[in-house]
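Peer 1: Got a sequence here, can you build the structure:
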Amino acid sequence: MSLALVASRALIGLDSPEVRVEVHLANGLPAFNLVGMPEVAVRESRDRVRSALMTAGFEFPARRITVNLSPADLPKEGGRYDLPIALGILVASQQLPQNSLNGREFIGELALNGELRKIKGALPTALSTSKIGNFLVLPAANLPEVGLVSSLKTGGAHHLLDVAAALRGQAEFLTPSHTPLDVVSLNYTDLLEVKGQQAAKRALMVAAAGQHNLLFCGPPGSGKTLLARCLLGLLPEPSEEEALEVAAIQSIVQGFDASTWRQRPFRSPHHTSSAVALVGGGSNPLPGEISLAHRGILFLDELPEFGRQVLEVLREPLEAGVIHLARAKRKASYPAQFLLIAAMNPCPCGHLGDPRKACICPQGLIHRYQSRLSGPLLDRIDLHLEVPALPADCLWQPVEGESSAQVRVRVKEARQLQIQRAGKPNSQLSPTELETFAPLGKEQQQLLTRAMNKIHLSARAAHRIIKVALTLADLETKSVIESKHLLEALSYRKLPWSD
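Peer 2: Sure thing, here's the model as predicted:
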């Protein structure tokens with residue numbers, strides 16, 4: 001039979017739709033045609049496949065070869081189609097049995113000597129293949145990654161010859177280990193390394209407990225960056241489902257790293273980053289920093305130094321927890337449920353309101369600097385906290401307070417209450433859910449109303465204050481929001497320079 005059909009999968013965002021590789025051999029002058037909307041890297045597979053087959057000792061047919069990647073309107077890119085194309089040629093030329101492909105899907109890039117090289121995006125492909133119960137064949141280097149999907153039937157190989165031998169029944173595919181990977185010790189700054197700043201440490205605990213966004217504002221050297229790096233050590237360990245989401249995003253961008261399994265990501269892009277680098281994009285939309293920080297932390301240091309347009313693109317993801325990227329030919333959606341923590345100075349010189357040193361910035365320059373942060377963006381940040389400069393004698397005093405491990409226990413208990421109540425952190429509650437799970441008493445309603453009128457809070461800001469107050473109640477295992485919780489939540493909504 002001169003026609004072979006091989007099942008494979010494309011990669012579009014985090015989706016991995018099925019692709020059927022059709023290989024036909026016909027009489028005529030030798031030629032190798034590849035159709036079906038292939039990108040440059042896919043078109044170059046003709047040379048890789050030809051060399052791999054010949055160096056592995058197979059016969060390369062001196063016939064007219066037509067390879068169709070179906071569906072034709074689905075863009076294909078990368079070297080993942082090398083293996084299915086090579087197997088299609090071997091089956092169509094009767095060097096492999098036709099029935100050996102039944103119930104199997106193949107992905108993998110071929111070296112010129114026939115070796116199978118690791119590909120990106122193997123984990124999303126494995127998740128899609130496991131849903132329909134097919135057997136996935138891929139490079140052995142990807143086995144630790146796809147082995148995280150316990151329901152997947154899969155096998156790996158180091159060389160094209162190994163795949164051919166397994167399809168003939170002369171050998172077995174390599175199998176992944178489905179034993180859970182060990183959690184590597186987190187590399188974070190402990191709260192005990194930070195002297196003073198008790199109010200900032202409490203804000204970190206509140207942010208971690210309820211998944212609340214946090215903004216630190218203070219003079220240079222007050223410990224804002226050091227405090228931000230403590231937050232990772234306060235977050236509870238992600239569930240297996242959350243860890244798979246994080247690993248799938250890493251798989252399509254930088255490849256899966258087993259040493260980071262079950263660790264929450266901490267992303268800290270430089271302030272010169274573009275909007276595309278932050279939210280993702282490109283002709284083939286790839287995830288940006290907000291998606292790479294999914295289920296983890298996005299730290300923006302020197303917040304006003306980011307371009308205003310760059311910061312404004314964060315508004316929708318902060319609210320929706322997902323980013324939709326649309327380009328001329330491609331569309332992709334990526335999850336973006338991250339905890340934003342930002343740090344800034346109150347003015348360009350950094351000493352506005354600093355009793356140690358007078359500010360030298362003109363008033364107009366201060367206004368322009370502070371106005372780089374729009375009201376709608378600040379509305380989406382639940383906690384605004386001033387981090388004052390430390391007195392000199394504080395450096396020689398013993399550290400007070402709890403360690404990160406002790407605080408993490410309290411954070412886990414608060415998170416468990418939230419999961420039992422609504423199945424998600426407090427920051428993700430809708431207004432309707434707030435009315436159900438966090439009804440305010442008459443005294444608290446009057447208190448919040450007076451605050452809204454006095455400091456001109458929006459309805460969104462009011463809802464976020466209630467969410468923070470609910471988190472404060474959870475930390476004390478209280479079933480209702482009390483006035484003290486509301487007052488503390490309100491204290492986190494006032495920037496140092498605001499009226």
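
Peer 1: Okay, and Glu435 sits in which element?
Peer 2: Secondary structure assigned from DSSP states H and E places Glu435 in helix 431-437.

Peer 1: Which positions within that helix qualify as buried?
Peer 2: For helix 431-437, a neighbour-count test (16 or more other C-beta atoms under 10 Å) marks Glu433, Leu434 as buried. Glycine gets a C-beta too; all of them are placed from N, C-alpha and C.

Peer 1: List the contacts of it.
Peer 2: Arg421, Ala422, Leu429, His463, Ile466, Lys467, Leu470 (C-beta atoms under 8 Å, 6 or more residues apart in numbering).

Peer 1: Show me which of those residues is closest to Ala157.
Peer 2: Ala422 (46.4 Å; C-beta to C-beta).

Peer 1: The closest one: how many residues sit nearby?
Peer 2: Neighbourhood size, Ala422 [other C-beta atoms under 10 Å]: 18.

Peer 1: same thing with Thr55?
Peer 2: By other C-beta under 10 Å, 15 other residues sit near Thr55.

Peer 1: That one contacts Asn113, correct?
Peer 2: Yes. Counting by C-beta atoms under 8 Å, Asn113 is a contact partner of Thr55 at 5.0 Å.

Peer 1: Report the buried residues of the next helix or strand after the helix holding Glu435.
Peer 2: Next helix or strand after helix 431-437 toward the C-terminus (DSSP H and E): helix 442-455. Within helix 442-455, the residues that qualify as buried are Gln444, Leu447, Leu448, Ala451, Met452, counting by 16+ other C-beta under 10 Å.

Peer 1: Contacts for helix 442-455 next, please.
Peer 2: Taking C-beta under 8 Å, 6+ apart as the rule, helix 442-455 contacts 440, 457, 461-462, 465-466, 481-483, 486-487, 490, 493-494, 498-499.

Peer 1: now the helices for the stretch 51-200 of the chain?
Peer 2: 82-92, 122-132, 143-146, 160-167, 198-210 (DSSP state H, counting those that start in this stretch).

Peer 1: and Asp47, how many neighbours?
Peer 2: The number of residues packed near Asp47 is 11, by other C-beta under 10 Å.

Peer 1: if I look at it, how far off is Ala41?
Peer 2: 11 Å (C-beta to C-beta, to the nearest Å).

Peer 1: and the longest strand belonging to the chain, what's its mean pLDDT?
Peer 2: Criterion DSSP state E: the longest strand present in the chain is strand 18-26. What strand 18-26 shows for mean pLDDT is 95.

Peer 1: do the same with stretch 313-320
Peer 2: Per-residue pLDDT over stretch 313-320 has a mean of 92.

Peer 1: Report the buried residues of the helix ranked longest in the chain.
Peer 2: For the chain, the longest helix by residue count, based on DSSP state H, is helix 404-422. The neighbour-count check on helix 404-422 (16+ other C-beta under 10 Å) flags Ser404, Val407, Arg408, Arg410, Val411, Lys412, Ala414, Arg415, Leu417, Gln418, Arg421, Ala422 as buried.

Peer 1: residue ranges of the strands in the stretch 251-400 of the chain, please?
Peer 2: Secondary structure of the stretch 251-400 of the chain (DSSP state E, counting those that start in this stretch): strands at 266-267, 280-281, 286-287, 297-300, 322-326, 331-335, 339-344, 383-386.
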